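Q: fold the following, please.
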Amino acid sequence: MGVVMGKDEKVNIPHLYMKLAMDLEKLRNYPWGMYSFDFLLKQIDKTRHKLEQNEGYLMEGFLFGFQIWIMEVVPALGEICGTKVNRNFTGPLYVEILGSRGVIDMGISNEATVAEDVLGVRRRRRHRTELLNAIESEMVAVKDRLRENVEDVSLWRRSSGFKDKFSTQETWILTRTSYAHIDWANNYGQGCEMYRVDVTCALCKNAAESRSHLFFECSYSSQIWENLMLDILRGSYTTDWNAIVALLKQSDRDKKRSFCLRYGFQTIIYVIWRERNKITHGESPLPMNAVKKLIDKGVRNKLSLLRSRGGKGTESALQYWVSTRT
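A: You can find the predicted model right below:
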């Protein structure tokens, strides 16, 4: 029998951890990364209210990832607060870089941190060595950037450097993985064929699917279109997409006819596309008669709502629609 205990007697082990510890397979497959990220965000939100307190604060979570993020967002921190040293380095940073004499010339303590030297009270010195003068200049510049009486400036990363304006396009380019341009990307049929995707119409199974075929050259969709629109279009009836769009754009003095045509067109498009997606994703479509009744009911409900609200020019639209159904 195993026992799960915390390092501190005051720390309670969550019940979730205990259950995971009893099932090694679940323990290995548990999304620890996502959990750690969410936990870290909660800790940051909890801790940020304590930043103005002088007694300090404690933050828990995956802080290493947080530190990496800070260094990525503000790369200047690495240049200011860090430097490359050899792997055998064990002594104070200033001594390693400047030597024992350089530390004395700078007036810096062997044990001092960068923050203590930059923010502390010290007078700038002039040196004969270029390196020491460069460090003095950098410390002054850093101290100037860290002034408390000046508002922070938010900068956004761009391909050309950090800018004060945010760009969705630049952010997308920087965060996505780029691939080589593929010539057939604009050719729907050829692209699907290369990936062996069936482009046959899901409704009639007799031709390649395209916009013009689906609306309304397809034997399935043309039956629905004819059943609902033949008596409205009459002599102008057609199943050609471009011709239908031209009819929809025409200004018609008969507002009730124009509205029934346009709203009926929208409803038919929506329902046919939904039935097409059902078949594509392995679901069973509705029977043809059920589809016709569904569209008819949807149009009637819309027209009834308009009549109850007193829509101008559509008072008799419901009667007109019903007359085309008989």
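
Q: ranges for the helices of the stretch 101-250 of the chain?
A: 114-119, 130-145, 168-175, 188-194, 211-212, 219-233, 241-249 (DSSP state H, counting those that start in this stretch).

Q: now, of the ones you listed, which is deepest in the fold?
A: helix 219-233 (a mean of 18; mean count of other Cβ atoms under 10 Å). All C-beta spots, glycine's among them, are computed from the backbone N, C-alpha and C.

Q: could you check the pLDDT of residue 206?
A: Note on residue 206: pLDDT of 91.

Q: not counting residues beside it along the chain, what's closest to it?
A: residue 219 (6.8 Å; Cβ to Cβ, 6 or more residues apart in numbering).

Q: one step back: turn the helices of the stretch 101-250 of the chain into a markdown table, including distance to residue 32 and mean pLDDT.
A: A markdown table is the format used below for the helices of the stretch 101-250 of the chain (distance: least, Cβ to Cβ, whole Å; pLDDT from 0 to 100):
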| stretch | distance to residue 32 | mean pLDDT |
| --- | --- | --- |
| helix 114-119 | 33 | 66 |
| helix 130-145 | 37 | 77 |
| helix 168-175 | 23 | 85 |
| helix 188-194 | 38 | 49 |
| helix 211-212 | 47 | 92 |
| helix 219-233 | 50 | 94 |
| helix 241-249 | 52 | 93 |
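
Q: distance to residue 72 added to those, as TSV?
A: Below are the helices of the stretch 101-250 of the chain laid out as TSV (distance: least, Cβ to Cβ, whole Å):
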stretch	distance to residue 72
helix 114-119	20
helix 130-145	19
helix 168-175	11
helix 188-194	36
helix 211-212	44
helix 219-233	52
helix 241-249	50
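
Q: of all these, which one is nearest residue 296?
A: Proximity to residue 296 (Cβ to Cβ) singles out helix 219-233 among those, at 6.9 Å.

Q: tell me how far the one residue sitting closest to the centre of the chain lies from residue 73.
A: What sits nearest the mean C-alpha location of the chain, by Cα atoms, centre = their mean, is residue 172, with 9.5 Å. According to Cβ to Cβ, to the nearest Å, residue 172 stands 17 Å off from residue 73.

Q: can you check residue 14 too?
A: From residue 14 to residue 73 the distance is 31 Å (Cβ to Cβ).

Q: ditto for residue 27
A: Distance, residue 27 to residue 73, by Cβ to Cβ: 33 Å.

Q: then residue 61?
A: 18 Å.

Q: what does residue 198 give?
A: Where residue 73 is concerned, residue 198 sits at a distance of 46 Å (Cβ to Cβ).

Q: more crowded one of residue 14 and residue 73?
A: residue 73 (13 against 9; other Cβ atoms under 10 Å).

Q: can you check the pLDDT for that one?
A: The confidence metric pLDDT takes the value 71 at residue 73.

Q: for burial, what's the neighbour tally of residue 151?
A: By the measure other Cβ under 10 Å, the count of residues near residue 151 is 6.

Q: now do the contacts for it.
A: When the contact criterion is Cβ atoms under 8 Å, 6 or more residues apart in numbering, residue 151 has no partners at all.

Q: pLDDT at it, what is it?
A: Model confidence at residue 151, given as pLDDT, is 71.

Q: surely residue 66 touches residue 40?
A: Yes: between residue 66 and residue 40 there is a contact under Cβ atoms under 8 Å: 6.0 Å.

Q: these two: who's more crowded?
A: Using other Cβ under 10 Å as the criterion, residue 66 and residue 40 rank with residue 40 on top: 19 against 16.

Q: let me know the next secondary structure element after the helix or strand hosting that one.
A: For residue 40, the element it lies in under DSSP states H and E is helix 32-47. Sequence-wise, the next helix or strand downstream of helix 32-47 (DSSP H and E) is helix 63-73.

Q: for the protein, name the helix or strand with the lowest mean pLDDT.
A: The weakest-scoring helix or strand in the chain, judged by mean pLDDT, DSSP states H and E, is helix 188-194 (a mean of 49).

Q: sorry, back to before: I'd like to know which of the helices of the stretch 101-250 of the chain lies nearest to residue 157.
A: Per Cβ to Cβ, nearest to residue 157 of the helices of the stretch 101-250 of the chain: helix 168-175, 6.4 Å.

Q: list the contacts of the closest one.
A: By Cβ under 8 Å, 6+ apart, helix 168-175 touches 156-159.

Q: could these go into JSON lines alongside neighbour count?
A: As requested, the contacts of helix 168-175 are exported to JSON lines (neighbours: other Cβ atoms under 10 Å):
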{"residue": "156", "neighbour count": "14"}
{"residue": "157", "neighbour count": "18"}
{"residue": "158", "neighbour count": "16"}
{"residue": "159", "neighbour count": "8"}
